[in-house]
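Student: This is the structure alone, sequence omitted:
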C-alpha cells in the first residue's frame, strides 16, 4: 500500500490532554499514538495509505486479521476450509460478531462489500487485488455481459461465506487481511459518504469506533462495546495524531505526550538510541522507497535517461548518512523476506564503483542528447517530511555531477498523492510502497499497464503484462515464482520506477506500552496492546 506522511498540526492539544487526565482519573486508559498522516478517507474501499490502514485495523474487522506478530489469525471468520482444487474457500462466521450499532455482522454484508469494491463506479484503487476472485476482473473492467451478481462471493446462509477463485491463490488469506477487503455496513454507506465528518455516520465492526474526527489535529476512537471480544481490549480510548514532523513527534514522545510513533527522524537516530535505549526499535519491513519516472513523457520515455538517473544515485550514502542506517540500499523493486519467491531481480551495477557508475551515466545522457552545455532539467515532486527533504537534496546534488538541474515541488502528503492519483503532470516523484501481503505479485502489479490506480508513471510493456497474466494461471508455486522473476527482470532493466531504499519499521515505544512487537507487516492493532498504570 501507499506510504504517505503529512505535517502535524497540534490543534486543540490542551483540550485533549485535559480530557486524557479526566479519563485517567476515572480509571480509563488512553493510548496516544503517532500516525503516518491524516487519512484521505475512512472508507475501506477507497483507501490506499498506511495511515488509513493503522486506523482501519482498529475500526473494522475482516474475515481474518493480523495479530501483533504479523500472523494471520481469525477475525469475523472463526474457521475456514479450502476445496481440494484450491479454488473454493468456505468461511464460518462467528455468531456474536456485531456492528457498532448492535446489528449482527452477516455474510450478506461481506457479499455487499466485495461487490462494492469491484464495482467500477466505486473508484476503488485496490480493486485489482481482488482479481483472483471469479469474475472480479471482468466486472471491474465492465466487460460485456458481466454483472455484480456474477462475482465469486456468495452467502449460503448468514453465517457462511464462500469465495470462488479463478485459480488457486496461495496468498489468499494474506490478501484478506488487507483494508480493501474490510466490510462496510450496507445501510450506512450512503450516509457516511454524504457527511463523512460526522463520527456517528461511520458504523464499524472492529474493536473501536469513531468518536472524534479533527483533521490536522487528531482522531479519537473509543472501545466498541458491541465488539465480540470487547472484554479483551484493554485500552479504552486510542487517539491518533498525524505526525510527519518527525522531530516534533520525537520531542512529544520524550515529553510523554505520545506512547508510540511510526517513524523516527533519521538524523536523530543515534542520539535517540543513546538516550532512550530499547525505546528505539528497528525491524525489517516489506517496503520499498521509489522515485517514479513519468515514462510516458519525453525525455523520460528514453530508457537511457532513466538508467543514467538511477546509476548516479549513491544508495549507500543515502541509507547510511541521510537515514542513519535505518534503511537499506535498494537495487530491486521487491524487498527482502518476501514470500512465495526465490532470488530477486536486482540492478546489474550494484557492485560497480561510484566512479564507474558516474562515467556510464554521463555516457548515457550524452547519447540521449544531454551534456556539453545542454542540461537535463527535472522537476522533482515529494511530500513533506524531513527525511524526504534530505533525501531529495542528496539525490539532486548527486545528479548535478552529471549535468542534471533539479527543481523541487514540495507539498503535504494529501496534495502530493492526490496530484499523482488524479493524473497530474510530473517528471520524477517520490513514492513508497508497503507490501499488502507477502507475495511478489503485490509489488509487480504496480507496473501492469491496466492498473490505473497505481501505475502512476504510465509504464507499458506488453511482454511484462503477458508474464503477469501467465503467472496468475500457474498453479505450481515454483514455476509461478520463475515467471514472476522474469517479469521482475523486465521492470528492473527498464526502470520505470527507480528503487532507492528498502524500509525498516522504526518506532519509538514507551515502556508504559505492553504487548508491542515489530513485524514484517507493520501491523499495530490496538486491541492487542495495554498500558501500565
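Tutor: On my side now, so go ahead. Since the model is a prediction, treat every value here as computed from it, not as a measurement.
Student: contacts, neighbours, all on C-alpha from now
Tutor: Will do.
Student: Pull the contacting residues for residue 79.
Tutor: 91-93 (CA atoms under 8 Å, 6 or more residues apart in numbering).
Student: Just the buried residues out of the residues you listed, in PyMOL syntax.
Tutor: In PyMOL, a selection of the buried entries from the contacts of residue 79 looks like this (16 or more other CA atoms under 10 Å):
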select buried, resi 91+92+93
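Student: could the contacts of residue 79 go into TSV alongside pLDDT?
Tutor: As requested, the contacts of residue 79 are exported to TSV (pLDDT from 0 to 100):
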residue	pLDDT
91	98
92	98
93	98
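Student: Just the contacts of residue 79: which are in helices?
Tutor: Taking DSSP state H, every one of the contacts of residue 79 sits outside helices.
Student: Output the contacts of residue 79 as a markdown table; include the columns distance to residue 196.
Tutor: As requested, the contacts of residue 79 are exported to a markdown table (distance: CA to CA, whole Å):
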| residue | distance to residue 196 |
| --- | --- |
| 91 | 31 |
| 92 | 32 |
| 93 | 29 |
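Student: Looking at the contacts of residue 79, which is nearest residue 337?
Tutor: Among those, residue 91 lies closest to residue 337 (CA to CA), at 28.8 Å.
Student: thought that closest one was touching residue 77?
Tutor: Yes. Under the criterion of CA atoms under 8 Å, residue 91 makes contact with residue 77 at 5.8 Å.
Student: Spell out which residues are contacts of both of these two.
Tutor: residue 63.
Student: Now the longest strand along the chain: average pLDDT?
Tutor: What stands out as the longest strand in the chain, according to DSSP state E, is strand 280-293. In this model, strand 280-293 has an average pLDDT of 95.
Student: Strands of the stretch 151-300 of the chain, start to end?
Tutor: Along the stretch 151-300 of the chain, counting by DSSP state E, counting those that start in this stretch, strands occupy 153-157, 160-164, 208-214, 218-223, 237-242, 280-293.
Student: Buried ones in stretch 357-366, by neighbour count?
Tutor: 357-358, 360-366.
Student: just to revisit the earlier point, downstream of the longest strand of the chain, the next helix or strand is which one?
Tutor: helix 303-311 (DSSP states H and E).
Student: What is the following helix or strand past that next one packed up against?
Tutor: Note on helix 303-311: by DSSP H and E, the next helix or strand toward the C-terminus is helix 315-317. Other elements packing on helix 315-317 under the criterion 3 or more CA pairs under 8 Å, 6 or more residues apart in numbering; DSSP states H and E are strand 328-329.
Student: Tell me the helices and strands packed up against the strand it packs on.
Tutor: The contact analysis (3+ CA pairs under 8 Å, 6+ apart) places strand 328-329 against helix 315-317, strand 497-508.
Student: neighbouring strands for that strand, and are they parallel or not?
Tutor: strand 497-508 (antiparallel) (DSSP bridges).
Student: State the mean pLDDT of the partner strand.
Tutor: When pLDDT is averaged along strand 497-508, the result is 96.
Student: And stretch 136-144, by the same measure?
Tutor: Regarding stretch 136-144, the rounded mean pLDDT is 94.
Student: Just the terminal-to-terminal distance for stretch 345-361.
Tutor: With CA to CA, to the nearest Å as the measure, stretch 345-361 spans 21 Å from end to end.
Student: from now on call the first residue 340
Tutor: All right, first residue 340 from here; so that's stretch 684-700.
Student: ok, and what's touching it?
Tutor: Contacts of stretch 684-700 (CA under 8 Å, 6+ apart): 646-648, 650-651, 653, 670-673, 741, 824, 827-828, 831-832.
Student: Return a PyMOL selection command for the buried portion of the residues you listed.
Tutor: The following PyMOL line selects those of the contacts of stretch 684-700 that are buried, judged by 16+ other CA under 10 Å:
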select buried, resi 646+647+648+650+651+653+670+671+672+673+741+824+827+828+831
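Student: can you name the two of the contacts of stretch 684-700 that are farthest apart?
Tutor: Of all pairs in the contacts of stretch 684-700, the most separated under CA to CA is 741 and 824 at 31.8 Å.
Student: Quick one, which of the helices and strands packed on strand 667-668 gets closest to residue 733.
Tutor: Among the helices and strands packed on strand 667-668, helix 654-656 sits nearest to residue 733 (CA to CA), with 8.8 Å.
Student: Give the buried residues for the closest one.
Tutor: 654-655.
Student: what about it, distance to the chain center?
Tutor: For helix 654-656, the distance from its own C-alpha centre to the chain's C-alpha centre is 24 Å (CA atoms, centre = their mean, to the nearest Å).
Student: Can you check which helix is longest in the chain?
Tutor: helix 816-833.
Student: what helices or strands is that helix leaning on?
Tutor: Helix 816-833 packs on helix 642-650, helix 780-783, helix 801-812, going by 3+ CA pairs under 8 Å, 6+ apart.
Student: Now tabulate these in CSV and tack on distance to residue 378 and mean pLDDT.
Tutor: As requested, the helices and strands packed on helix 816-833 are exported to CSV (distance: least, CA to CA, whole Å; pLDDT from 0 to 100):
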stretch, distance to residue 378, mean pLDDT
helix 642-650, 32, 98
helix 780-783, 22, 94
helix 801-812, 31, 94
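Student: I'd like to know how many residues surround residue 394.
Tutor: Other residues near residue 394 number 26, with proximity taken as other CA atoms under 10 Å.
Student: Would you list the phi and psi of it?
Tutor: phi -70, psi -40 (degrees, to the nearest 10).
Student: check contacts around residue 455.
Tutor: By CA under 8 Å, 6+ apart, the residues touching residue 455 are 384, 461.
Student: Now it: which helix or strand?
Tutor: Counting by DSSP H and E, residue 455 is part of helix 446-457.
Student: after that helix comes which helix or strand?
Tutor: helix 475-479.
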